[in-house]
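**Student:** From the sequence below, what's the structure:
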Amino acid sequence: MKKLIKKIALVAVAFLAFSCSTSETGNKSLGTVSIATLAKSTPTLTSFSEALDVAGLTSTFETSGNMTVFAPSNEAIASLLSALGEPSLEQLEIDQPGVLAKVLKYHVVADSRVLSTELTDGMTVNTLLGQSFTVNINTELNEITLTDVNPLTDGASYITARDIKCSNGLVHTIDSVLLPNLE
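**Tutor:** Numbering: from 1, shown residues only. Just a heads-up that it's a prediction; the model follows:
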């Protein structure tokens, strides 16, 4: 019974953390939960959790570490699949082996917990994949967007929840999938 109550409390805390608006920049802390557990238990990140599973990366996000993850929402991943004409993450992995892992690694900054307050306009962020994306800050609207290197994407990805602290890093949620150069 205690385990069930803890799980319900974790889901409630995760839901509250991700339901904050972009104008809220207070630090949210789930410091005893790994990034993989957070993604699995957060309703808006279940597709990200599934993507980690399909790409074989879940264990990387369960272990101790020090990383920053820009996690795309369920809607972002659904939009990517639609744009690629893929019915599922599993089919994407079958049709284009390894692409999903590359895309996911492009959302990770290794060996660093980067708070939203540390991001600067025009900043280049180097990712685990070895490619970078650019940070854009609109101080008037209190918005942070990310621009990837892939010419096929249209526009920027907005950070929708910031500074969610986990046991092995920090998570910012985003509203579209960042695409690296896949050639």
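**Student:** Who are the contact partners of the most centrally placed residue in the chain?
**Tutor:** The central residue of the chain, meaning the one whose C-alpha is nearest the mean C-alpha position (CA atoms, centre = their mean), is Ala71 at 0.8 Å. The neighbours of Ala71, taking CB atoms under 8 Å, 6 or more residues apart in numbering as the test, are 35, 39, 45, 48, 107, 171-174. Just so you know, the C-beta spots here come from the backbone N, C-alpha and C atoms, and that holds for glycine as well.
**Student:** what do you get if the cut-off is 6 Å, keeping everything else the same?
**Tutor:** Applying CB atoms under 6 Å, 6 or more residues apart in numbering, one finds that Ala71 lies in contact with 45, 48, 171, 173.
**Student:** Let me know the next secondary structure element after the helix or strand where it lies.
**Tutor:** Mapping Ala71 onto the secondary structure by DSSP states H and E places it in strand 67-72. Following strand 67-72 in sequence order, the next helix or strand is helix 74-84 (DSSP H and E).
**Student:** Show the low-confidence segments of this protein, by residue range.
**Tutor:** 1-31, 151-154 (pLDDT under 70).
**Student:** Am I right that Thr173 is in contact with Thr160?
**Tutor:** Yes: at 4.9 Å, Thr173 and Thr160 qualify as touching, with contact defined as CB atoms under 6 Å.
**Student:** And those two? Which one has more around it.
**Tutor:** Summary of the neighbour comparison: Thr173 and Thr160, criterion other CB atoms under 10 Å, with Thr173 having more neighbours (25 against 21).
**Student:** separation between that one and Ala71?
**Tutor:** Taking CB to CB, to the nearest Å as the criterion, Thr173 is separated from Ala71 by 5 Å.
**Student:** Can I get the strand holding Ala71 as CSV, trimmed to CA atoms?
**Tutor:** The C-alpha trace of strand 67-72 is given here as CSV (Å, rounded to 0.1, in the frame of the first residue of the first chain):
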residue,chain,number,x,y,z
MET,A,67,23.3,15.4,-17.9
THR,A,68,20.8,17.9,-19.2
VAL,A,69,18.0,16.6,-21.3
PHE,A,70,15.7,18.6,-23.6
ALA,A,71,12.8,16.1,-23.6
PRO,A,72,10.2,16.4,-26.4
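**Student:** What's the separation between the residue nearest to the centre of the chain and Ser157?
**Tutor:** 11 Å.
**Student:** Also Gly56?
**Tutor:** Counting by CB to CB, the gap between Gly56 and Ser157 amounts to 24 Å.
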